[in-house]
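Sequence and predicted structure are below.
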Amino acid sequence: MTMIKVQNLVKRYGSNYALNDVSFEIGEGEIVGLLGPNGAGKSTAMNILTGYLSSTSGEVYINGVNILDDPIEAKKNIGFLPEQPPLYPEMTVTEYLNFVYELKGCELEREPHIEEIISVTKLSEVKDRLIRNLSKGNKQRVGIAQALIGDPKVVIFDEPTIGLDPKQIIAVRNLLRTLARRHTVVLSTHILAEVQAVCERVIIINKGSIIADERTDDIVKTIEDGYRYKVKICGPAREVELALRRINGIKSVESTGERDLDSYSYVVESEKNVDVRKSVFNLCVSNNWPIIGMEPSGTDLETVFIRLVDRSDKVNETKKRRK
Amino acid sequence: MLAIYKRELKSYFVGVIGYVFLVIYLAIAGILFSYTTMFSMSSDVTNYFTLMLVFSAVVLPLLTMKSFSEERKTKTEQLILTAPVSLPAMVFGKFLASYTVFGAATVLTSLYFLFLIPYTQLKFAVLFGNLIALLLVGMVFISIGIFVSALTENQLSAAIGTIAIILGFLGIGLVNSLIPTSYAIRYVFDAISIFTRFQSFVNGYFEFASVIYYLSVSGIFLWLTIRVYDRRRFG
């Protein structure tokens, strides 16, 4: 079932397009990452999804309800953590969550519900402390807890791990993953590892337009031109490198410079749809160079991302020139 | 709405603003009361209420200055604006919270008049007329304050802006007495002037038209506040 449906969303500030014809659908229970460089339009998109901003044109449906036609009904299905958690420093965690409970007009039984959220977000130890005195990681947790009140079908997190230390980041990511079972989760980030760690699906935005919308596992494949392997071979470095280059189907060989006793590592990239592993093996056998290791070295999301962004920038430039 | 009202009301007394307001308000009211009645051996309450009106114009912005500006600055407004709450409910909740503090303070200060009972025959009709007038004018001042605080992130600008608008509304009636103007202009200025209308209450006339006037001006400013938020979404 579709939880979020976005059709031809446009947000214009003067002559600048923050979002330009963005459409996507997100199903129940999905956990989707909205990825893009800073200023790509992620926050704008999220603010429109949650009804904080209005779009210039286009439609947003949350659980089948149009957010402009019936904002109150649509907002009942949304929990939102903005980029800066909306906290009142003079309140204790419990007071704050009770306020949010009342604000949202929540109908679940109050005490067990708030207790459950406190335990899910691991805030039990600090629940009676003033928000002002909490660490940044805990403040972020309170922000997440706030979004979960009322058990909304859709939860939207804008940069949920920004400014946290590595340990807190891992904890928040784990928390996000557990939420996906009960809620549809959308999170924005400019950190690629985060999408890989948490999301099943990634929507990449650059300059207000979607440039990719794929399963996280597939996205690497769509951009790759061939296969890459990291091979560790015992043998004279220069000779091995030259011999590898002569193999049919190998596009490039790169020495990584890593040395492990008498073996050296190389990254071998093949043409598309050619498996060069056997040829590499045969070459080494005939030269008596033992292979210590061979592993696929996939293009990481970082590279994919940069390539996609570059590609979309180029497309935009040529479009502009034509105009 | 209730949630916003409760939080807002509580926030006055978690911080210092609520106490500062109450202390200043009660103290100045006490001083004005002593001078206008006790020390001048008079049971006439009109001077007291006229002075209280001017004093409220300066001190009420204390209550409203942070109302929206602070939420905007700390981005907590994002929580309220993405919660299933309508804009009118949000604005009205805030307004009621400020009005509750002012109303409580005003009712409290009217207890001062009990001190006069042993010495004089109080005209309760005049007293209540004045009290209602002050409560109505306070409503207008607070609505103006709420509106201005929705325009800025800065509390100080909100306070100063509010005082400026209020003084404009108060002073417009004075223009008539200072500059000779045509009857038509004088009539319009008198109609708009909060002060001129207040005078009729003070003198003991309960003018229904003035009640409607105060309610409308207050309503207009609250409506404008809602419009500010409605427009900002399209920013």
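Ah, there it is.

hey, where'd the strands end up in the chain?
If you meant another chain, say so; for now it's chain A. A:2-13, A:16-27, A:31-35, A:57-62, A:65-66, A:78-81, A:154-158, A:184-189, A:201-206, A:209-215, A:228-234, A:250-260, A:263-270, A:291-296 (DSSP state E).

Any chance of a markdown table for those, columns distance to chain B, mean neighbour count and mean pLDDT?
Using the backbone N, CA and C atoms, a C-beta is placed for each residue, glycine as well. A markdown table is the format used below for these (distance: least, Cβ to the nearest Cβ, whole Å; neighbours: other Cβ atoms under 10 Å in any protein chain shown; pLDDT from 0 to 100):
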| stretch | distance to chain B | mean neighbour count | mean pLDDT |
| --- | --- | --- | --- |
| strand A:2-13 | 8 | 18 | 93 |
| strand A:16-27 | 11 | 17 | 93 |
| strand A:31-35 | 17 | 26 | 92 |
| strand A:57-62 | 11 | 18 | 94 |
| strand A:65-66 | 11 | 16 | 94 |
| strand A:78-81 | 5 | 27 | 95 |
| strand A:154-158 | 9 | 25 | 95 |
| strand A:184-189 | 14 | 26 | 93 |
| strand A:201-206 | 20 | 23 | 91 |
| strand A:209-215 | 21 | 17 | 89 |
| strand A:228-234 | 44 | 20 | 88 |
| strand A:250-260 | 46 | 14 | 83 |
| strand A:263-270 | 46 | 20 | 87 |
| strand A:291-296 | 44 | 13 | 87 |
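
Name the residues of whichever strand or helix holds B:A29 that come out as buried.
Per DSSP states H and E, B:A29 falls inside helix B:17-33. For helix B:17-33, a neighbour-count test (16 or more other Cβ atoms under 10 Å in any protein chain shown) marks B:I17, B:G18, B:F21, B:L22, B:Y25, B:I28, B:A29, B:L32, B:F33 as buried.

Could you do stretch B:83-97 as well?
B:83-85, B:87, B:89-97.

contacting residues around it?
A:71-73, A:75-76, A:100, A:103-105, B:1-5, B:8-9, B:12, B:67-68, B:80-81, B:142-143, B:146, B:222, B:225-226, B:229-230 (Cβ atoms under 8 Å, 6 or more residues apart in numbering or on different chains).

What residues sit buried inside the strand or helix carrying B:L135?
Assigned by DSSP H and E, B:L135 belongs to helix B:124-149. Buried residues in helix B:124-149, defined by neighbour count with 16+ other Cβ under 10 Å: B:126-127, B:129-131, B:133-149.

Same question for stretch A:87-99.
A:L87, A:Y88, A:M91, A:T92, A:V93, A:T94, A:E95, A:Y96, A:L97, A:N98, A:F99.

Okay, and B:V85 sits in which element?
Going by DSSP H and E, B:V85 is not part of any helix or strand.

How confident is the prediction for it, by pLDDT?
At B:V85, the pLDDT value in this model is 94.

which phi and psi does it have?
When read as degrees, to the nearest 10, the backbone of B:V85 gives phi -130, psi 140.

Next: the one 4 residues further on.
In this entry, B:A89 is assigned phi and psi values of phi -60, psi -40 (degrees, to the nearest 10).

How is chain A divided into domains?
As assigned by automatic domain parsing, chain A contains the domains A:2-222, A:225-296.

nearest to B:Y213, of those?
Nearest of the domains of chain A to B:Y213, taken as Cβ to Cβ: domain A:2-222 at 33.1 Å.

can you give me how far the closest one is from the chain middle?
12 Å (Cα atoms, centre = their mean, to the nearest Å).

what does stretch A:241-249 give?
38 Å.

before we move on, the earlier item: what helices and strands are in contact with the helix or strand that the helix holding B:A29 is followed by?
Per DSSP H and E, the first helix or strand lying C-terminal to helix B:17-33 is helix B:46-64. Packed against helix B:46-64 by the contact rule (3 or more Cβ pairs under 8 Å, 6 or more residues apart in numbering or on different chains; DSSP states H and E) you find helix B:17-33, helix B:87-110, helix B:124-149, helix B:155-178, helix B:194-202.

just the angle between helix B:46-64 and helix B:17-33, please?
If you take axes from the mean of the first three to the mean of the last three Cα atoms, to 10 degrees, helix B:46-64 sits at 170 degrees to helix B:17-33.

buried stuff in helix B:46-64?
Residues of helix B:46-64 classed as buried under the neighbour-count rule (16+ other Cβ under 10 Å) are B:46-53, B:55-64.

Could you check the angle it makes with helix B:194-202?
If you take the same axes, to 10 degrees, helix B:46-64 sits at 130 degrees to helix B:194-202.

Show me what whatever helix or strand comes next after helix B:46-64 is packed against.
As assigned by DSSP H and E, the chain's next helix or strand after helix B:46-64 is helix B:69-73. Contacts defined by 3+ Cβ pairs under 8 Å, 6+ apart place helix B:69-73 against helix B:155-178.

what's next to the helix it packs on, contact-wise?
The contact list for helix B:155-178 (Cβ under 8 Å, 6+ apart) reads B:53-54, B:57-58, B:60-62, B:64-67, B:69-70, B:140-141, B:144-145, B:148-149, B:151-152, B:181, B:186, B:189-190, B:192-196, B:217.
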